[in-house]
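In: build me a model:
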Amino acid sequence: ESYRQPLPPVKQGDISDPNYFDFMSYCQYATIAAGMRDGRVVFEELIDANGTSVVVARDPALPRDNARLPALLSLRVGDKILDAIAE
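Out: Sure, this is the predicted structure:
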């Protein structure tokens, strides 16, 4: 909620308003970051409607400490954006 205070009123679903897209991006990243903080290093993932599962393990190159994952995501996304601009 504190994010919206300095913005002009943002109407939910107003796709003609750039502030709406900015707000939605903020909400998505906040949700992703919260989920990352609760992430598991190894887990089972269902892969079909029959209940078949496979064991999935986090890439060993990634931090084991979940608290570090949101900052790493921001860094990687920022790098991708800068790479696209530089092309």
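In: residue 72 and residue 65 touch, don't they?
Out: No. Counting by CB atoms under 8 Å, residue 72 sits too far from residue 65 to count as a contact (10.2 Å). Quick note: C-beta positions are derived from backbone N, CA and C, even for glycine.
In: which of these two has more residues huddled nearby?
Out: Taking other CB atoms under 10 Å, residue 72 and residue 65 do not tie; residue 72 has more neighbours (12 against 8).
In: could you measure from the more buried one over to residue 22?
Out: 23 Å (CB to CB, to the nearest Å).
In: report the beta-bridge partners for residue 57.
Out: Taking DSSP bridges as the rule, residue 57 bridges to residue 42.
In: what is the burial count for it?
Out: Neighbours around residue 57, by other CB under 10 Å: 9.
In: separation between residue 75 and residue 81?
Out: For residue 75 relative to residue 81 (CB to CB), the value is 11 Å.
In: what's stretch 55-69 in contact with?
Out: With CB atoms under 8 Å, 6 or more residues apart in numbering as the test, stretch 55-69 has contacts from 33, 36, 37, 38, 39, 40, 41, 42, 43, 44, 45, 72.
In: burial count for the fourth one?
Out: Burial measure for residue 38: 7 neighbouring residues, criterion other CB under 10 Å.
In: just the first one next, same as before
Out: Neighbourhood size, residue 33 [other CB under 10 Å]: 14.
In: kind regards, and thank you for your time.
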